[in-house]
Each structure stands twice: as structure tokens, then as C-alpha cells.
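Engineer: turn this into a structure:
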Amino acid sequence: MIQALPPEPPAVVAPAPAQSVSTAERVRVAAALTDARVQVDSSFRGASIVLFGAVFNPTDAPADVVVVVRGPDSPVRLVKKTRNMGVWLNSRPVLFEGAPGFYMTASTRPLPDIAEFGQLRRLGVGVDHLRINAPEESRTVTRYGVRDVVVSRLGEDYLDWRRAVIRLREAAALYDTDPEGVRFVDRGLFRAEVELPAVAPTGQYFAEVWLFQEGEPVSVSNLTLTVEKVGIERDIFEFAHRRPWSYGVLCVLLAALTGWAASRVFRRT
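Structural biologist: Residues are numbered from 1 along each chain as shown. Just a heads-up that it's a prediction; the model follows:
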């Protein structure tokens, strides 16, 4: 006996994906990191983190992407060799507060081709526009069309001292500028690599992904990156900062014990 087959179910038409009005009509950028946490131990030799994202650009005007990664601030103390009566001496120390321990910029093109000097200075984008607090700030003036420029007791020598800070950090691979570090891998999709050296400071890092169009910033995406010590290194670090006196006494006792043990081993018979 042949039974009739049940009728086929009606075809289901999937609804069109919802699209917000802001996404469809506004130029914006979205970004993320492949790894938002970096662990540092005794075998740490640096890390390479990929930053990727997408540009939503419904207009015909081209857009540029600039990535800025800034590490935790740390003071920098500098001295300058001066010759006095034929003898080289260290000058009065200069302390710069608020210099980032790590700073990297990557962009689709050189920064001067993306935006004007004043715009980059206002946003603090680029090593040349990096905000580093001058020692003993005294007053602010207007220079190069930029308001509130800090003038310190260093006077005209401030720029030389500031260049020295940047030069030392660049030599340690802590400051880097890559004018072609952001590459579009597909229409609207881009990627950039954040290279952390072995001497990168621990703490909270902040990444800004700027989208420029016709020399103006139109969108920004903010990300965070944590670099932290793990294992025995973290325990020693936390003990040294939480109990500095105990840590100092323990180091002295350990050094004395090591010296006594070495004298016993290598003493002459």
C-alpha cells in the first residue's frame, strides 16, 4: 500500500540583516587586538601583537588610518656633559615627568601627508607632537599657531632636551614610527603590528585608532592592552614594592651570604 508523502514545508525567507542608520550613513572605524594581555616572565623576548579593524566609509572620499599605542608614563632624568675649566662635569639634572615608557605610531601614509601640523599637535599624534611635561613649567604661549605651548625654565634648550628623551627611547626600541605600518588587506579591512621589545614596561597600554578624512579626524576607536609579570618575577616585583625595607634587608643578607660562601669555596688551603 503506497502512502502519500507529506507536503513540503513552505519556504522560509530569511529577513535582511539589520543595519543601524549610524553605520550606514556615518564614517567610522572599528578595531580590536589579537591579544589584549601580554605575560612577561624570565623567558620573555618581546611580543608581536596584531591590531586589525575595519573602516566603514559610505562616501567616495578616501580615508587614512593612524594607530597610536602609548605605554605607562615614567619619569626620565637626564644630565648633560659640560666642560668647565678643562674638566667635563655633569650639568644640573633635568627631570621630565609624564614621558611614555612606550610609544608607537603606524599609519597608511606619512603623518604630514594625512593632516596638518596643528591638527597633529592638538591630538598628540606622532613622536614630534608627543606631550612630555616640561620640568618646572612657568608659563604658556602661542607658537606656530598653537595655543598653550609650555615654556619651561630650560628656555630655548627645551627642544634639545626633549629630543634627547626621544632619541634614548628610540635607541632602546621603545619609540617607533612606521609611516606604512597600517596596510589594507581588503576593502575596508586593515591590519597593523605592535612590536613590544623585551624591555617594554609593564602596566596598562592605551591604543588609539584614528580615522582621518580630508585632513580631519572623523572617528576614533580606543583599545587597552595589559602587560604584566607572571611567575616568580611577579612575586619578587610585588614584594619589592609592597615591602621595600624588607626587600632591601633581604638583598643585603643574601649578598653577604653569597660573599661568605664564595670565600669559603675559593679560599686558599
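Engineer: select the longest strand from the protein.
Structural biologist: Scanning the chain for the strand with the most residues, using DSSP state E, yields strand 216-229.
Engineer: what pairs with it, and is each one parallel or antiparallel?
Structural biologist: Within its sheet, strand 216-229 is paired with strand 37-40 (parallel), strand 203-213 (antiparallel), according to DSSP bridges.
Engineer: can you name the next helix or strand after the first one?
Structural biologist: Going down the chain from strand 37-40, the next helix or strand is strand 47-56, by DSSP states H and E.
Engineer: contacting residues for the nearest residue in space to R121 that is not next to it in sequence?
Structural biologist: In space, and not counting its chain neighbours, R121 is closest to H129: 4.6 Å by Cβ to Cβ, 6 or more residues apart in numbering. C-beta here means a position set from N, CA and C on the backbone, and glycine is covered the same way. Counting by Cβ atoms under 8 Å, 6 or more residues apart in numbering, H129 touches 120-121, 123.
Engineer: run through the stretch 101-250 of the chain and note the low-pLDDT ranges.
Structural biologist: Residue ranges of the stretch 101-250 of the chain with pLDDT under 70: 133-157, 231-235, 237-239.
Engineer: in it, which spans are helices?
Structural biologist: Using DSSP state H, counting those that start in this stretch, the helices of the stretch 101-250 of the chain run over 111-114, 117-123, 158-171, 232-242, 244-266.
Engineer: tell me the predicted confidence for R92.
Structural biologist: R92 is assigned a pLDDT of 67 by the prediction.
Engineer: count of residues packed around V40?
Structural biologist: 21 (other Cβ atoms under 10 Å).
Engineer: mind listing what P201 touches?
Structural biologist: Counted by Cβ under 8 Å, 6+ apart, P201 has contacts 71-72, 74, 101-102, 227.
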